[in-house]
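Asks: sequence first, predicted model second:
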Amino acid sequence: MASDLPASPWPGVVAHYRTLIDLPPDARPVTLLEGNTPLIPVPRLADALGGGFDLWLKYEGLNPTGSFKDRGMTAAITQAVHAGAEAVICASTGNTAASAAAYAARAGLRCIVIVPEGKIAKGKLAGSLAYGAEVVNISGNFDEGLALVREASERLPVTLVNSINPYRLEGQKTAAFEIVDVLGDAPDWLCLPVGNAGNITAYWMGFVQYQQAGNAHHTPRLLGAQAAGAAPIVRGEVVPNPETVATAIRIGNPARWREAAQALEESEGQILAVTDGEILEAWRMLSTLEGVFVEPASAAGVAGLRKQIREGEIDVRGKRIVCVVTGHGLKDPEIVLRSAGEMVTLEPDFDALADYLEMPAT
Ligand code: F0G
């Protein structure tokens, strides 16, 4: 019976948080029903980090295109369509590209994505191509790509959908709302990777807005993690040739640097650099201890938390901590296959299997 159905299934982040998002009220949402992602308690991981605190993961890899970018893209594409755009453009380390491509497809817009050749994970490239974007490789890095699309959006009839576009942040801040809606208040710490610094900026906007609206008693302290080879905010200077295994955050000159620095200051937060080795250790812990398979960059927040606990930089006892894991592990299958040992091949024979497993057969 129709009346037994839920009156309002999840309608996507723009419709769900409409009154809190700065978009024209008559703009019709372009949505893939993104958001409403799981906030997963991870006690085994918390114990492995020393224990004595509550730890959750905001699993953003479960968005429609496999990353948190979908929250921002629904808002940016909604606005672009409302404003009469016919084409959108972005520079990307991969996830923004895939997300822009999907939402543009849904809206019938032309989509151009500029990516650093050979430096984006295969799943992201595959997504962008599958959704029908025009993929342009450049013989340069993300920062050079961003400069290029800024100029393109000024001189060509295309709308920029990188997180310089304020509607991206309007959409992305909804992840903070969701965390408070589940926990009943803001966590004590929010840990996340920092690349172009849009997401840390958006989370801070969301937590502050929710507190001001009376939905949370406090705001969290932010713990941002950059890859050691791409840590301009930590070092206080542009990194001309950023390098890291976490290609999603291989960025040397973040567009939202100033806003991120302000968010870190206002939240009494911390930002630190984590090495590729530390990122990969955290990445492995997430999947082997908790069954949460993310792409390497997504583990940077966990790596940062682990490091600060080990070095006594933060006191986590009795605290509630949320780590944002930003993108799905299947985006970057190559890293797994590269780092896994040799796999075994056996004859399809019981004795061979029992021998191999070193288990007594009955
Ligand atoms: N995690 C993942 C999986 C990302 O793809 C990104 C950014 C970040 C973290 C960092 O977020 O840039 O807001 O600080 N990816 C962008 C892209 C740059 O093009 O997909 P940020």
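Replies: The structure has been received and is ready for your questions.
Asks: for the nearest residue to Ile314 once chain neighbours are set aside, give its distance to Ala263.
Replies: Excluding the flanking residues, the one nearest Ile314 by Cβ to Cβ, 6 or more residues apart in numbering is Gln308, at 4.5 Å. Glycine gets a C-beta too; all of them are placed from N, C-alpha and C. Using Cβ to Cβ, to the nearest Å, Gln308 is found at 17 Å from Ala263.
Asks: okay, these two: which has more neighbours?
Replies: Shown here are Gln308 and Ala263; by other Cβ atoms under 10 Å, Ala263 has more neighbours (24 against 21).
Asks: check which helix or strand the more buried one maps to.
Replies: Per DSSP states H and E, Ala263 falls inside helix 257-266.
Asks: that helix near the ligand anywhere?
Replies: No: using Cβ under 6 Å from any ligand atom, helix 257-266 never reaches the ligand; the gap is at least 7.5 Å.
Asks: next SSE after that helix?
Replies: Later in the chain than helix 257-266, the nearest helix or strand by DSSP H and E is strand 270-274.
Asks: elements contacting that next one?
Replies: Using 3 or more Cβ pairs under 8 Å, 6 or more residues apart in numbering; DSSP states H and E as the contact test, the elements touching strand 270-274 are strand 221-227, helix 232-235, helix 257-266, helix 300-310.
Asks: export these to TSV and tack on mean pLDDT?
Replies: Listed next are the helices and strands packed on strand 270-274 as TSV, based on pLDDT from 0 to 100:
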stretch	mean pLDDT
strand 221-227	98
helix 232-235	98
helix 257-266	98
helix 300-310	98
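Asks: what's the per-residue pLDDT of Trp339 here?
Replies: Careful, residue 339 is Ser and not Trp. In the predicted model, Ser339 carries a pLDDT score of 85.
Asks: list the residues that contact it.
Replies: By Cβ atoms under 8 Å, 6 or more residues apart in numbering, the contact list for Ser339 reads Leu280.
Asks: could you pull up phi and psi at it?
Replies: phi -90, psi -10 (degrees, to the nearest 10).
Asks: report the buried residues of the helix holding Ala263.
Replies: Across helix 257-266, burial judged by 16 or more other Cβ atoms under 10 Å covers Trp257, Glu259, Ala260, Ala261, Ala263, Leu264.
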